[in-house]
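Asker: need a 3D model of the sequence below.
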Amino acid sequence: MYVVYILKCGDGTLYTGITTDIAARIAQHRAGTGAKYTRGRGPFTLLYTERHPDRGSATKREQQIKRQGKAYKLQLIQGE
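Answerer: From the prediction side, this is the model:
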């Protein structure tokens, strides 16, 4: 099972990623060993998760979310 997730960074930006272990991935971000984008941008707050059965569908959804603006992501987080 894959998880698409959105983190809020300490600077107010949003980061979207995928993982199979959300707790371990957030720990990586906090340790500075996650994505290059998140290094030095903590602390992080997990705002949204979405489960997918395989890597392909998770990657496709991640890219779809990343192409959207912040307003779309906030609506997604709020369940609209």
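
Asker: residues near the nearest residue to residue 25 once chain neighbours are set aside, how many?
Answerer: Computed as Cβ to Cβ, 6 or more residues apart in numbering, the closest residue to residue 25 that is not its neighbour in sequence is residue 19, at 3.9 Å. Yep, even glycine has a C-beta here, placed from its N, CA and C like the rest. Neighbour count of residue 19, defined by other Cβ atoms under 10 Å: 17.

Asker: any idea how far residue 73 is from residue 19?
Answerer: As for residue 19, its distance to residue 73 is 17 Å (criterion: Cβ to Cβ, to the nearest Å).

Asker: returning to that earlier point: please report phi then psi for the residue nearest to residue 25.
Answerer: phi -160, psi 170 (degrees, to the nearest 10).

Asker: so which other helices or strands are in contact with the longest helix belonging to the chain?
Answerer: Criterion DSSP state H: the longest helix present in the chain is helix 55-66. Contacts defined by 3 or more Cβ pairs under 8 Å, 6 or more residues apart in numbering; DSSP states H and E place helix 55-66 against strand 2-8, strand 14-19, strand 45-52, helix 70-77.

Asker: pLDDT on the second one, on average?
Answerer: Okay, so that is strand 14-19. What strand 14-19 shows for mean pLDDT is 97.

Asker: and that strand, what does it pack onto?
Answerer: By 3+ Cβ pairs under 8 Å, 6+ apart, strand 14-19 packs against strand 2-8, helix 22-31, helix 55-66, helix 70-77.

Asker: most neighbours per residue, which of these?
Answerer: strand 2-8 (a mean of 21; mean count of other Cβ atoms under 10 Å).

Asker: give me the contact list for that strand.
Answerer: 14-20, 22, 25-26, 29, 38, 44-55, 57-58, 61-62, 65, 73, 76-77 (Cβ atoms under 8 Å, 6 or more residues apart in numbering).
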